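A.B. asks: turn this into a model:
(one chain, ligands or ions: 3)
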Amino acid sequence: MTKISRANSKTISSAVILVANKKTNYGNYGLSRTEIDYVKHELTANDKKTVAVNQYNKLIIIQTVNPQKETYKTIELWRKAGAGAADMLNQHKQSAVTICDTADDANATLAFAEGLALANYQFLKYKADAAKEKNTLAQIFIQSKKASDKQIDQLAIVTDAIYKARTLVNEPVSFLTATQLGKEFEAMGKEAGFKVEVFNKAKIESLKMGGLLAVNKGSIDPPTFTVMEYNPRGAKNKKPIVLVGKGVVYDTGGLSLKPTGNSMDLMKCDMAGSAAVGCAMFAIAKAKLPLRVIALVPATDNRPGGNAYAPGDVINMMSGHTVEMLNADAEGRMILADALHYAKRYEPELVMEFSTLTGAAKAAIGSLGITCMGTADERVKNKLIDSGKNVYEPLAEMPFWDEYDDMLKSDIADMKNIGGPEGGSITAGKFLARYTNYPYMHFDIAGPAFLLMRDSWRVKGGTGVGVRLLFEFLKNK
Ligand code: BES
Ligand code: MN
Ligand code: ZN
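C.D. replies: Ligands and ions are numbered 1, 2, ... in the order given. Alright, predicted model coming up:
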């Protein structure tokens, strides 16, 4: 964990970073006259954005960015600068850093700290040499007149939540079974103060969650269904916000087995949607947002075991619909349909569902952003899109035309679980929308959930995508 707190008179760090712009007065930070001249020369004549002054007992880094026309783009540059600083500080074996808001720009300072903290994440649980590989940086102090205690607290909370989400995604199924996932959520509920109930297989059977049970048939491990609820006194919303996350702890494709080669290598990440919603709950409860929020996670692995559901099977879903299953690899929608149906009992104001649902979403926009679609009104969609920009988890809205629905027609059941050869991410969304009767948004995070290469503050492996988006959207509600 990288600790984030406000600097005070007792703060000691041998590294200092100046979040600077034209207004910065370099006289206040222990730089000599010649050092200041050097810094100014580098920033202006040499057009540098980062300048390091390595005094014998202190490392001072001066950071600027190129202001962009749109604020959110400038903020993202600050995050990226923070990620660059993480590397520099670790190379210099620094354990703590003080970030100075030299230009009274709280948003820049907080974004810089965020990029720094997010880039400093590591997953070392399975390394014998963990101590050697561990980043030295462990403490971030923020010195700013303009940043409020609440802003600094929330940054610390959300960073913690992202770390948790990344770790869940990085955990292989050899550890993180559906049962273990439930336990992880229980621990988070205890720590942050929200209610968690994990349904076992018997309970899932009594609820007739046919989609979840069908996917689980090829597995040796039992499924779980986790219900998390945060219901603070004085909540602003009467009808709850419901979050739903795909908890496929491993996706082999089932009997529609994914081809050998390496197409299965990343499939431990297929519960990233559940990590997003569970860890968003953690942040919401920890930050005590005045909102009633519920999260639902159907969880199982998808395997081709002896009793696996077989293409051609007709499944009785919890909603009463029948589904002709024609591809066992389209399992996410089978388990999510039951969760979305279950959500109806809350009469929700809005349901937001996160899932690594389709390769088609990844093919459409890559790993840079999230494809979304749904039936919520324009006001909600616009707020979501703004939130996506603010946290730089940008949203690309897909069309959701009625005609896509026709592609799910089955000869013998109410629908089939795959669409045609085109528009695969949309037909998946359309399938899910059949199980809703409330304003609904579907977020397909198959692209950004897990990265094979680091991209600045989005480190290699699990990214925790969705957590910051949800927190940003809900804290402004
Ligand atoms: N979990 C996969 C989607 C996925 C792909 C996640 C790449 C992360 C990275 C999902 O269950 C799946 O297999 N989808 C199929 C659907 C198809 C069979 C209709 C796909 O996209 O190929
Ligand atoms: Mn699949
Ligand atoms: Zn899957």
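A.B. asks: tell me the mean pLDDT for whichever helix or strand Ile204 is part of?
C.D. replies: Following DSSP states H and E, one finds Ile204 within helix 201-206. Helix 201-206 comes out with an average pLDDT of 98.
A.B. asks: same check on stretch 246-254?
C.D. replies: Stretch 246-254 comes out at a mean pLDDT of 98.
A.B. asks: now do that stretch: distance from first to last residue.
C.D. replies: Length of stretch 246-254, first residue to last, Cα to Cα, to the nearest Å: 16 Å.
A.B. asks: that stretch and ligand 2, are they touching?
C.D. replies: Yes - counting by Cβ under 5 Å from the ion, ligand 2 is contacted by stretch 246-254 at Asp251. For the C-beta atoms, the positions are set from N, CA and C on the backbone; glycine is no exception.
A.B. asks: neighbouring contacts of that stretch?
C.D. replies: Residues outside stretch 246-254 that contact it (Cβ atoms under 8 Å, 6 or more residues apart in numbering): 173, 176-178, 181, 215, 218, 224, 226, 258, 264, 267-268, 270-274, 297-304, 308-309, 328-329, 331-332, 335-336, 353-357.
A.B. asks: helices - which of the residues you listed land there?
C.D. replies: Within the contacts of stretch 246-254, residues falling in helices by DSSP state H are 178, 181, 215, 272-274, 332, 335-336.
A.B. asks: and the contacts of stretch 26-35?
C.D. replies: Under the criterion Cβ under 8 Å, 6+ apart, residues 16, 18, 20, 36, 39-40, 53, 55, 58, 60, 62, 100, 102 lie in contact with stretch 26-35.
A.B. asks: the residues you listed also near ligand 3: which ones?
C.D. replies: For ligand 3, no contacts are drawn from the contacts of stretch 26-35 by Cβ under 5 Å from the ion.
A.B. asks: among these, which two are most distant?
C.D. replies: Taking Cβ to Cβ, the two most distant members of these are Lys40 and Lys58; they sit 19.0 Å apart.
A.B. asks: now do the contacts for the closest residue to ligand 1 within the chain.
C.D. replies: Closest contact between the chain and ligand 1, by Cβ to the nearest ligand atom, is at Gly359 (3.4 Å). Neighbour list for Gly359: 424, 446 [criterion: Cβ under 8 Å, 6+ apart].
A.B. asks: that one and ligand 3, how far apart?
C.D. replies: Between Gly359 and ligand 3 the computed distance is 9 Å (Cβ to the ion, to the nearest Å).
A.B. asks: narrow the contacts of stretch 26-35 to those that are buried.
C.D. replies: Neighbour-count burial (16 or more other Cβ atoms under 10 Å) applied to the contacts of stretch 26-35 gives 16, 18, 20, 36, 39, 53, 60, 62, 100, 102.
A.B. asks: in strands only, show me these.
C.D. replies: Applying DSSP state E to the buried ones among the contacts of stretch 26-35, the entries found in strands are 16, 18, 53, 60, 62, 100.
A.B. asks: helix, strand or coil for Val196?
C.D. replies: The three-state assignment at Val196 reads strand, by DSSP: H, G, I helix; E, B strand; the rest coil.
A.B. asks: I'd guessed it sits against Val227; true?
C.D. replies: Yes - in this structure Val196 lies within contact range of Val227 using Cβ atoms under 8 Å: 7.3 Å.
A.B. asks: quick one: which of the two has more around it?
C.D. replies: Val196 (22 against 16; other Cβ atoms under 10 Å).
A.B. asks: dump the residue contacts of the closest residue to the more buried one other than its chain neighbours.
C.D. replies: Counting by Cβ to Cβ, 6 or more residues apart in numbering, Val196 lies nearest to Gly189, which is 3.6 Å off, once chain neighbours are set aside. By Cβ under 8 Å, 6+ apart, the contact list for Gly189 reads 195-196, 228, 281, 285.
A.B. asks: ditto for Thr136
C.D. replies: By Cβ under 8 Å, 6+ apart, the residues touching Thr136 are 89-90, 93-95.
A.B. asks: now for those, which pair is the farthest apart?
C.D. replies: The two members of the contacts of Thr136 with the most space between them (Cβ to Cβ) are Asn90 and Ser95, at 9.8 Å.
A.B. asks: common neighbours of the two, please.
C.D. replies: Contact criterion Cβ under 8 Å, 6+ apart; residues shared by Asn90 and Ser95: 136-137.
A.B. asks: check contacts around the residue of the stretch 51-200 of the chain found nearest ligand 3.
C.D. replies: Across the stretch 51-200 of the chain, the shortest distance to ligand 3 (Cβ to the ion) belongs to Val173, at 12.5 Å. Applying Cβ under 8 Å, 6+ apart to Val173 gives the contacts 249-250, 268, 301.
A.B. asks: same question for Glu197.
C.D. replies: Contacts for Glu197 (Cβ under 8 Å, 6+ apart) come out as 226-227.
A.B. asks: for it, which residues count as its bridge partners?
C.D. replies: Beta bridges link Glu197 to Val227 when assigned by DSSP bridges.
A.B. asks: quick revisit: could you dump the contacts of Gly189 to JSON lines with pLDDT and distance to ligand 3?
C.D. replies: Listed next are those as JSON lines, based on pLDDT from 0 to 100; distance: Cβ to the ion, whole Å:
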{"residue": "Lys195", "pLDDT": "98", "distance to ligand 3": "28"}
{"residue": "Val196", "pLDDT": "99", "distance to ligand 3": "24"}
{"residue": "Met228", "pLDDT": "99", "distance to ligand 3": "22"}
{"residue": "Met281", "pLDDT": "99", "distance to ligand 3": "22"}
{"residue": "Ala285", "pLDDT": "98", "distance to ligand 3": "28"}
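A.B. asks: only whichever of these are buried, select them in PyMOL.
C.D. replies: The PyMOL command for the buried members of the contacts of Gly189 (criterion: 16+ other Cβ under 10 Å) is given here:
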select buried, resi 196+228+281+285
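A.B. asks: which one among the contacts of Gly189 gets closest to Lys80?
C.D. replies: Checking the contacts of Gly189 against Lys80 by Cβ to Cβ gives Met281 as the nearest, at 28.4 Å.
A.B. asks: hmm, that closest one is touching Ala295, no?
C.D. replies: Yes - the criterion here is Cβ under 8 Å, and Met281 meets it with Ala295 at 4.9 Å.
A.B. asks: between those two, which contacts overlap?
C.D. replies: Applying Cβ under 8 Å, 6+ apart, one finds that Met281 and Ala295 are jointly contacted by 228, 243.
A.B. asks: near ligand 1, which residues of the stretch 351-477 of the chain?
C.D. replies: Counting by Cβ under 6 Å from any ligand atom, the stretch 351-477 of the chain comes close to ligand 1 at 356, 358-360, 362, 418, 424, 446.
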